[in-house]
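[1] quick one, fold the following:
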Amino acid sequence: MGEIRIAIAGIGNCASSLVQGIQYYAEVMRPGLDAEVVGLAHSQVGGYVPGDIRVVAGIDVDARKVGRPLNDAVTAPPNNTKIFAELPGGGGPTVAMGNVLDGVADHMAAYPEHRRFVVADRPSATQAEIEKLLRDSGAEILMCYLPVGSQKAVEFYAECCLNTGVSLINCLPVFIVSDGVWGERFRRAGIPCVGDDIKAQFGATVVHRVLARLMHERGVKVDATYQLNTGGNTDFLNMLNHTRLGSKRVSKTEAVQSQLDVPLPEDQVHIGPSDYVAWQKDNKVCFLRLEGRGFGGVGLNLELRLSVEDSPNSAGETVDAIRCCKLARQRGLAGPLEAVCACTMKHPPVQYTDYQAREMLEQFIAGEAAPSAKAAPQPRPAAGTYCPADSVTVELPRKAPAE
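    Residues are numbered from 1 along each chain as shown. Model (predicted):
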């Protein structure tokens, strides 16, 4: 099938897990090797396996990563995710300097160097320089792994994609793909895109969504819920500045609210990052509670604790998003890929139940016509706000209609 050429903006823990995962599955899925393959929802997508993904460009602003080979940069501080695959030393493209903009929070300067970003003593790259890098590398897709709250920086890289014909997979909660104006710009440019805010393979948001939907479908009235998350990676350190959290809270809250026909009042739902615990490193712990009333109005509640390695958990979805985006480019599709976004992202252009999104994704991979929604997408809230009326659950037929 050939290779899928990607560039990565932000060589943090998530990028490290993705790069390791490409190497890991290239090894265990070697032809003739009868090894057990675990951890993939799809071993193949349109004939592509994870080992077909090739990173052709890396971009960062940290002094310990810029100018180094990618395989070395992904393990440089402040990265602290688990190492599960051995990468050839000195391999991969040399990491280029990016544009800082709002990608580094000021409060991080108060923390030790091994925990925070150390901005390289180099001029920020211009838009022309990043566009040249994308063209020269032959990148087809740009993975955006910048820190939460990097509104200007994400928009900078989105512009670079629009000017070079490169697809964008936006893994953070800055609303680009789910924004009507940006989404239409990608559609008019003939470029497929996926976003926003990557779901984990088995993480806090997807578990919360499924449980909330299960209670609703079983006739339980959900009255209140919270999701509290702690972690010790740079993402959690960055999010100690709550001014950077507006879109993150919108993304995670809407992802759960969308599973209820009647969203909860704003004061009855609390979802979002809660604290930074340095010794947890890339381990993320979720504390989740759902309160409701069942038959006869009798109360019930559920409490759950989920512990996951945060970054490999996200890579389980990005390998599918990348391969689906490649298929879209081959098929001449443009704009937000509704099925791919709904299945792999917390804040897609349109919210569906996880069951519906899974069905839609399988139809997309198979090249079948996507089912038509019975409800039109609703306007998105502005970053930093939450509007309960924005949450919609769209009922779909089980099978796609014939073309």
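[2] how close does the nearest residue to residue 3 once chain neighbours are set aside get to residue 91?
    Sequence neighbours aside, residue 54 is the residue nearest to residue 3 in space, at 4.6 Å (criterion: CB to CB, 6 or more residues apart in numbering). Where you see a C-beta, it was placed from the backbone N, CA and C, and this is true even at glycine. Per CB to CB, to the nearest Å, residue 54 is found 11 Å from residue 91.
[3] higher neighbour count, the two?
    residue 54 (16 against 13; other CB atoms under 10 Å).
[4] doesn't residue 55 fall inside a strand?
    Yes - judged by DSSP: H, G, I helix; E, B strand; the rest coil, residue 55 forms part of a strand.
[5] hang on, the earlier thing: which pLDDT value goes with the residue nearest to residue 3?
    We have a pLDDT of 98 for residue 54.
[6] surely it is in contact with residue 2?
    No - judged on CB atoms under 8 Å, residue 54 makes no contact with residue 2 at a distance of 9.7 Å.
[7] which stretches in the chain count as strands?
    4-9, 53-60, 95-97, 141-144, 167-170, 192-194, 221-231, 269-276, 283-293, 299-309, 335-336 (DSSP state E).
[8] what distance do you get for residue 200 to residue 148?
    With distances taken as CB to CB, residue 200 is found 15 Å from residue 148.
[9] likewise for residue 71?
    To residue 148, residue 71 is 26 Å away according to CB to CB.
[10] pull out the buried residues from stretch 272-289.
    For stretch 272-289, a neighbour-count test (16 or more other CB atoms under 10 Å) marks 272, 273, 274, 276, 280, 281, 282, 283, 284, 285, 286, 288 as buried.
[11] oh sorry, the question was meant for stretch 236-256
    Across stretch 236-256, burial judged by 16+ other CB under 10 Å covers 236-240, 244-256.
[12] okay, now the unreliable bits of the chain?
    369-403 (pLDDT under 70).
[13] helices of that one, residue ranges please.
    For the chain, the helices defined by DSSP state H cover 13-28, 70-73, 127-137, 151-164, 180-189, 204-217, 234-238, 246-257, 310-331, 338-344, 354-366.
[14] go through those helices and name the closest to residue 268.
    Between residue 268 and these, the tightest spacing by CB to CB is seen for helix 246-257, at 10.5 Å.
[15] same for that closest one, what does it pack against?
    With contacts defined as 3 or more CB pairs under 8 Å, 6 or more residues apart in numbering; DSSP states H and E, the packing partners of helix 246-257 are helix 204-217, strand 221-231, strand 269-276.
[16] by how many degrees do it and helix 354-366 diverge?
    100 degrees (axes from the mean of the first three to the mean of the last three CA atoms, to 10 degrees).
[17] to residue 33, which of the strands of the chain lies closest?
    Ranking the strands of the chain by proximity to residue 33 (CB to CB) places strand 53-60 first, at 18.7 Å.
[18] quick one: the closest one to helix 13-28, angle?
    Going by the same axes, to 10 degrees, strand 53-60 makes 160 degrees with helix 13-28.
[19] and residue 323, what does it touch?
    4, 42, 45, 46, 48, 50, 52, 53 (CB atoms under 8 Å, 6 or more residues apart in numbering).
[20] I figured the first one hits residue 326, correct?
    Yes - the criterion here is CB under 8 Å, and residue 4 meets it with residue 326 at 4.7 Å.
[21] list residues touching both of these two?
    Shared contacts of residue 4 and residue 326, counting by CB under 8 Å, 6+ apart, come down to 48, 140, 141.
[22] number of nearby residues for residue 211?
    Around residue 211 there are 18 residues (other CB under 10 Å).
[23] swap in residue 295?
    With other CB under 10 Å as criterion, residue 295 counts 9.
[24] for the residue nearest to it when sequence neighbours are not counted, give its distance to residue 353.
    Among residues not flanking residue 295 along the chain, residue 219 sits closest, at 7.4 Å (CB to CB, 6+ apart). In this structure, residue 219 and residue 353 are 16 Å apart, going by CB to CB.
[25] what of residue 61?
    Distance, residue 61 to residue 353, using CB to CB: 39 Å.
[26] same drill for those two, tell me which one is more crowded.
    Neighbour comparison, residue 61 and residue 353: the larger count goes to residue 61, with 26 against 20 (by other CB under 10 Å).
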